[in-house]
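Visitor: One predicted model, sequence on top.
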Amino acid sequence: MRATDNNSQGWFLPYLKQYFWAFLAAALLGALSIGCAGALLFTSGHLITRSALKPENILMVYVPIVLVRTFGFSKAVIQYLELLVGHDAALRLVSRMRVRLYRAVEPQALMIRSKFRTGDLLGLLAEDIEQLQNIYLKLVLPALSALLIYAAGILALGWMDGTFALLMALYGGFLLFIAPAISLWTSLAKRRTFKQERSKAYQELTDALFGMSDLVLSGRTGHFLSAFTQQHKRAAMVENSLRRNEWRSHWLAQCLVGGGIVTMTVWAGGLVAQGRIEATWLASFALVTFPLLDAFVRAGEAVVHAPEYQDSLRRLKDSEKDTSAFAARTDAKQPAADDAADTTKEQAAAQRLSHGGNLLLNNVSYRYAATQDWSVRNISLHVPQGGKVALLGRSGAGKSTLLNLIQGALQPDEGSVTVAGVPVSTGGAYSSLFAVLNQQPYLFDTTVANNIRLGRPDATLDEVRAVTEQVGLGTLIDSLPEGYDTRMQETGLRFSGGERQRIALARILLQNHPIVLLDEPTVGLDPLTEHELMQTMFRVLEGKTLIWITHHLTGMKHMDEVIFMEQGTISMRGSHDELWREHTRYRHLYKLDHPSL
Ligand SMILES: Nc1ncnc2c1ncn2[C@@H]1O[C@H](COP(=O)(O)OP(=O)(O)OP(=O)(O)O)[C@@H](O)[C@H]1O
């Protein structure tokens, strides 16, 4: 796997370090904006009190008026700057995380799919990264700003009254540190239970969705629905209890804010009584407490949500570990000859170019787990450049496993797979060797030309036209309202299964890879369309090495070798003519597929 800048150091601290100055600036701006909010209320309190005393001249309250305007305006501007700086850093950081994740997962994508069948892996991880951006925006920044305000507030109070500053330091500390810690601790167990209950409910639901038809046929939908409702209710009960917990914590925090305001007012009253400040400042001291303590409450509430971020961090770490471990395992399975020959990638590419798709399987065996039976056992096969081989066999015979071994998605436990004498290795080498035509090629929601260009993004329109003509779709595409610029979504319904396969075939022609793997591309087509598609396939792919998985014996005459697999081994092999001559079973199967014979 390609090394990444932050690899093995986790998904949180390295990014925090990288954007330290940006986050510090955002936190300072955050603290400044809270400070402005405090100053705004402080001067407003004074202004209201002085105005209530009906000053003889407006100039007597001129300074507080100007200050109120200044702080009000500054608060809005600074808050905007804080959002700008914080979000800019968080979004840059998230984009780096996505690149890192993509680099970790992409080279293993084919292997992950064939080994784990986890198609939703990327979707899940992308959501986790989305979640992680909130760590910085909703947890780190508010917490840092609150800490700065806490320190500044205590210093300011200490300048006026050391004892009271100490009391407020304890009070604010309780609000900022102790109360969130208690809330977090009391909700941890409930959060765990909630996650378990919810995941059980999801499991039951997905299970039921996949087996919906069986549930309906066996008349057990009622049973499923009541079990699912019960499960859902249990999860909802835990969630409600969590919400109640949050509500209680919030209520307690607001009471503490109230208590703080009363304490400040009483203390300021004492200062007035001592004649240290004028009575007009009393409201100011009460009001300034609101935004400051509110910042502590918000930071504390963000801390309570920390376990959610922890889950995302853990999942990202685990998945990165899994993909690297799997890559390491498959790399370790590479034949020693790989290293001994010391073949550089450039040499291998040159060798392959000159020998094209000369495929050799030497005693290849593979099993998915040491405890499992061999899925492929002792298969040897040589397909020279331009050779055509059909793979047949019952479901579970090992055809797909063999195809995955051929294209390097799986590494053999025993034996070797080479193309042009170079072992098929992991790390993307297969992508320049093999083109695949499977049962359901996907047509993207873009133009017809772009869909075909997927085979080679830099292909010109003339090249796209040429391959489209070759696969027999030229007239059809020209008859579309906007020709090659017609969007697939609009025309999706107009493309039959056979036409979709022809579009995929055109992609393959643009790719121009030496080996083409046909994984039952004609499944589900009517016999006439199947026959026509096969004719086109063999015509346009002439000269390429073909490996064709099929369940039909139609087209076997085009093949150089027909291989029947059974329980991972080859049970019958030879050309169509040889098999027809020597194997009654083959003749029988062939006649079943061709009733007219
Ligand atoms: N990801 C996997 N993990 C464990 N065992 C697997 C996995 N994929 C396939 N197998 C097992 O390997 C054996 C060969 O399966 P494979 O999919 O290669 O057969 P196949 O001939 O392609 O079948 P089909 O025609 O149904 O696709 C089967 O016993 C199957 O259960």
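Guide: Structure's in. What do you need? Numbers count the residues shown, from 1 in each chain.
Visitor: Name the SS class of residue 445, please.
Guide: The local conformation at residue 445, judged by DSSP: H, G, I helix; E, B strand; the rest coil, is coil.
Visitor: So for it, what's the pLDDT?
Guide: Note for residue 445: predicted pLDDT of 74.
Visitor: List the buried residues for stretch 526-541?
Guide: Residues of stretch 526-541 classed as buried: 529-530, 532-534, 536-537, 540-541 (neighbour count, 16 or more other CB atoms under 10 Å). Bear in mind the C-beta positions are built from the backbone N, C-alpha and C, glycine included.
Visitor: Just give me the closest of these to the ligand.
Guide: The shortest gap between the ligand and any of those belongs to residue 530, at 17.5 Å (CB to the nearest ligand atom).
Visitor: any idea how far that closest one lies from residue 268?
Guide: As for residue 530, its distance to residue 268 is 90 Å (criterion: CB to CB, to the nearest Å).
Visitor: Can you pull the domain assignment for the protein?
Guide: Per automatic domain parsing, the structural domains of the chain span 13-328, 335-431+545-597.
Visitor: check contacts around residue 362.
Guide: Residues in contact with residue 362 (CB atoms under 8 Å, 6 or more residues apart in numbering) are 380, 415-418.
Visitor: my read: residue 145 touches residue 299, true?
Guide: Yes - judged on CB atoms under 8 Å, residue 145 makes contact with residue 299 at a distance of 7.5 Å.
Visitor: chain center to stretch 396-413, what's the gap?
Guide: Averaging C-alpha positions (CA atoms, centre = their mean, to the nearest Å) puts stretch 396-413 26 Å from its chain's average.
Visitor: still on that earlier bit, can you flag the buried ones in the contacts of residue 362?
Guide: Neighbour counting by 16+ other CB under 10 Å classes 415-418 among the contacts of residue 362 as buried.
Visitor: quick one: which of those residues is nearest residue 401?
Guide: Ranked by distance to residue 401 (CB to CB), those are led by residue 417 at 12.1 Å.
Visitor: Quick check: bridge partners of that closest one?
Guide: Beta bridges link residue 417 to residue 361 when assigned by DSSP bridges.
Visitor: can you tell me how far it sits from residue 573?
Guide: According to CB to CB, residue 417 and residue 573 sit 18 Å apart.
Visitor: Pull the contacting residues for the residue lying closest to residue 471 once chain neighbours are set aside.
Guide: Leaving aside its chain neighbours, residue 471 sits nearest to residue 502 (4.3 Å; criterion: CB to CB, 6 or more residues apart in numbering). Neighbouring residues of residue 502 by CB under 8 Å, 6+ apart: 471-473, 533, 536.
Visitor: neighbours around residue 102, how many?
Guide: Neighbour count of residue 102, defined by other CB atoms under 10 Å: 15.
Visitor: Mean pLDDT per helix and strand in the protein: which one sits at the bottom?
Guide: Comparing helices and strands within the chain by mean pLDDT, DSSP states H and E singles out helix 336-340 as the least confident, with a mean of 42.
Visitor: Tell me how many other residues crowd residue 446.
Guide: Using other CB under 10 Å, residue 446 has 14 other residues around it.
Visitor: Same check on the one 3 residues further on?
Guide: Number of residues near residue 449 (other CB under 10 Å) recorded here: 17.
Visitor: got a list of contacts for the strand or helix carrying it?
Guide: Take DSSP states H and E as the rule and residue 449 turns out to sit in helix 448-453. Helix 448-453 is touched from outside by 443-444, 459, 461, 464, 467-468, 477, 480, 483-488, 491, 503, 506-507, 510, with contacts defined as CB under 8 Å, 6+ apart.
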